[in-house]
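Q: Provide a 3D model corresponding to the input given below.
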Amino acid sequence: MGHRILNDANLEQMSLEQVAEVAKFDFSLTFAYNSSSDNKKLSGNFIASSDLFKKSTVSQMARRFEYMFEQLFQTQSSNIPV
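A: Purely as a prediction, here's the structure:
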């Protein structure tokens, strides 16, 4: 499991084994932000149909998503066109 801090944003990789949830859609990604907690976390949750996606594929998508967020938060705001 990895933990990264990027410009005051904490990213923490979580196990895919934590939730056994039935997918209502083929694939979904949800976010939850808890501003009342001490660490004010933004959490993401991937839910994918096991009939359509291999566990390794969802893991790879999660890693790529994490990489995208790393690049996004490491970019200086002055370099982002408005």
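
Q: Only C-alpha atoms from now on, for both contacts and neighbour counts.
A: Will do.

Q: following the strand or helix carrying Thr30, which helix or strand comes up?
A: For Thr30, the host element (DSSP states H and E) is strand 27-33. Toward the C-terminus, strand 27-33 is succeeded by strand 42-48 as the next helix or strand (DSSP H and E).

Q: So which elements touch that following strand?
A: Applying 3 or more Cα pairs under 8 Å, 6 or more residues apart in numbering; DSSP states H and E, one finds that strand 42-48 contacts strand 27-33, helix 55-74.

Q: quick one, that strand and helix 55-74 angle?
A: Per axes from the mean of the first three to the mean of the last three Cα atoms, to 10 degrees, the angle that strand 42-48 makes with helix 55-74 is 150 degrees.

Q: outside of strand 42-48, which residues touch it?
A: Outside strand 42-48, the residues that touch it by Cα atoms under 8 Å, 6 or more residues apart in numbering are 21, 23, 25-34, 58, 62.

Q: rerun at 7 Å
A: Outside strand 42-48, the residues that touch it by Cα atoms under 7 Å, 6 or more residues apart in numbering are 23, 26-34.

Q: picking up where we left off before, pipe the helices and strands packed on strand 42-48 into a markdown table and attach mean neighbour count and distance to Ser49 per row.
A: Below are the helices and strands packed on strand 42-48 laid out as a markdown table (neighbours: other Cα atoms under 10 Å; distance: least, Cα to Cα, whole Å):
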| stretch | mean neighbour count | distance to Ser49 |
| --- | --- | --- |
| strand 27-33 | 11 | 6 |
| helix 55-74 | 14 | 10 |
